[in-house]
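Pasting the sequence and the predicted coordinates here, then a few questions.
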Amino acid sequence: MIWIALLIRWGINVLALIVVDWLFDGVTIGRWFPLLLAAAILTVGNTILKPILAILTLPLIIVTFGLAYFAINVLMLALAEWIAPDFSIDGFWTYVGATIIVWLVNVTVGWLLDRIRG
């Protein structure tokens, strides 16, 4: 069952990266392999690394009223960009906007899937 959830999250991240590539001129994603790999890295990073980093930086997250948690989300996107070939994001504000769009697509599609399931 966990594999199905990971595949769904991976598919949502593929969609989110397609939207980010479409919206921002500073984001370039090569063909399908870099897109699929970046989405897989983003999925694994958000599933495994992000909770660990959130626990380790919890006092900082509390003091900054969640801004440090947003920085962790930017870091997950930067990790995907760093590992996946032919995937680049140019500029700080492009990272910020791309992170917001990835979050927005994940929340929206997750909400729609919850509504469909019941």
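Perfect, thanks for sending it.

what about the closest residue to W10 other than its chain neighbours, which helix or strand?
By the measure of Cβ to Cβ, 6 or more residues apart in numbering, the closest residue to W10 outside its immediate chain neighbours is T43, 4.6 Å from it. Just so you know, the C-beta spots here come from the backbone N, C-alpha and C atoms, and that holds for glycine as well. Here T43 sits within helix 32-44, counting by DSSP states H and E.

Could you point out the helix or strand that follows that helix?
By DSSP H and E, the next helix or strand past helix 32-44 is helix 50-56.

mind checking how far that next one is from the chain centre?
Distance of helix 50-56 from its chain centroid, counting by Cα atoms, centre = their mean, to the nearest Å, is 15 Å.

quick one, phi/psi of the residue lying closest to D21 once chain neighbours are set aside?
Spatial nearest neighbour of D21, excluding adjacent residues (Cβ to Cβ, 6+ apart): I29 at 4.7 Å. Main-chain torsions, I29, degrees, to the nearest 10: phi -120, psi 120.

and what of D25?
The phi/psi pair for D25 (degrees, to the nearest 10) is phi -70, psi -30.

what's the distance between it and W93?
Distance, D25 to W93, by Cβ to Cβ, to the nearest Å: 12 Å.

now swap in T57 and tell me
According to Cβ to Cβ, T57 stands 23 Å off from W93.

Neighbour count for the two, which is higher?
T57 (16 against 10; other Cβ atoms under 10 Å).

quick one, the helix of greatest length in the chain and helix 32-44 angle?
Longest helix of the chain, by residue count under DSSP state H: helix 92-117. For helix 92-117 against helix 32-44, the angle by axes from the mean of the first three to the mean of the last three Cα atoms, to 10 degrees is 80 degrees.

Okay, now the unreliable bits of the chain?
Residues of the chain meeting the criterion pLDDT under 70: 118.

do that again at 80, thanks
Applying pLDDT under 80 to the chain flags the ranges 1, 118.

Let's verify P85: helix, strand, or coil?
Here P85 is recorded as coil under DSSP: H, G, I helix; E, B strand; the rest coil.

For it, give me its contacts.
Residues near P85 by Cβ atoms under 8 Å, 6 or more residues apart in numbering: G30, F33, P34, L37.
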